[in-house]
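Chemist: Show me the folded form of this:
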Amino acid sequence: MRVYLLFLLVLPALLGGCYPKSLNYSPGWGTRTIEGTVLEENAKVLESQPFIIVLEYYSNFVKFENESPLYAPKARLVFPEKNGNFRISFDLKATAIDLTFIASAYSMQRFRFRRQLGVGELRYDASLPRSEVWQNEFILQIAPFLENFILEQRYKMPDSQQLFLGNWLAEERRRFAEEKGN
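Modeler: Next up, the predicted model:
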């Protein structure tokens, strides 16, 4: 009986042990939702409207000899509310989820969650630092990352969301051209 009680006391620490302390979670059978806020580093609301690339990984039951298992990715966009709050449903069939937080003039932030037994809901607050070299960061990192979701059909991103990404990239490039012209 004592071993059973000790096990019940230690179980939450074991199940939630792979997440950083800054990440809050509530117990459950499996990770179902991720909620939080997207703010500036100093806890202010962002000046530009952020969006989140949600990339879920689904395990395929194909595994070649001496190789790791194959995962099929599926991408979608989530738009936080004006105050930065967001809530993302974690598909029960997915084994992992990547969240990439993007906003104009801010450095991109990424975080990966793996489905874990014993963790029901996650709370993750993303704080985006203002980029000192936004144009360079955009050209070298953010634009190629986002263009991949437009060009690669394996992500199965809805057409309307691909169109949003294309328009957002075009708007950022237009701003850079205007700044260069002035």
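
Chemist: least trustworthy helix or strand in this structure by mean pLDDT?
Modeler: Counting by mean pLDDT, DSSP states H and E, the weakest-scoring helix or strand in the chain turns out to be helix 2-15, with a mean of 49.

Chemist: contact partners of the host helix or strand of R175?
Modeler: With secondary structure defined by DSSP states H and E, R175 is part of helix 159-181. The contact list for helix 159-181 (CB atoms under 8 Å, 6 or more residues apart in numbering) reads F51, R76, L77, S104, Q135, F138, A143, L146, E147, F149, I150. Backbone N, C-alpha and C define where each C-beta goes, glycine included.

Chemist: again, only using 7 Å
Modeler: Applying CB atoms under 7 Å, 6 or more residues apart in numbering, the set of residues contacting helix 159-181 from outside is R76, L77, S104, Q135, F138, A143, L146, F149, I150.

Chemist: Next one: the residue nearest the centre of the chain relative to F113, how far apart?
Modeler: For the chain, the residue whose C-alpha lies nearest the mean C-alpha position (CA atoms, centre = their mean) is L99; its distance is 0.5 Å. Distance of L99 to F113, computed by CB to CB, to the nearest Å: 7 Å.

Chemist: now K93
Modeler: Distance from K93 to F113, counting by CB to CB: 15 Å.

Chemist: Those two: who's more crowded?
Modeler: Each of K93 and F113 had its neighbours counted (other CB atoms under 10 Å), and the higher figure belongs to F113 (22 against 10).
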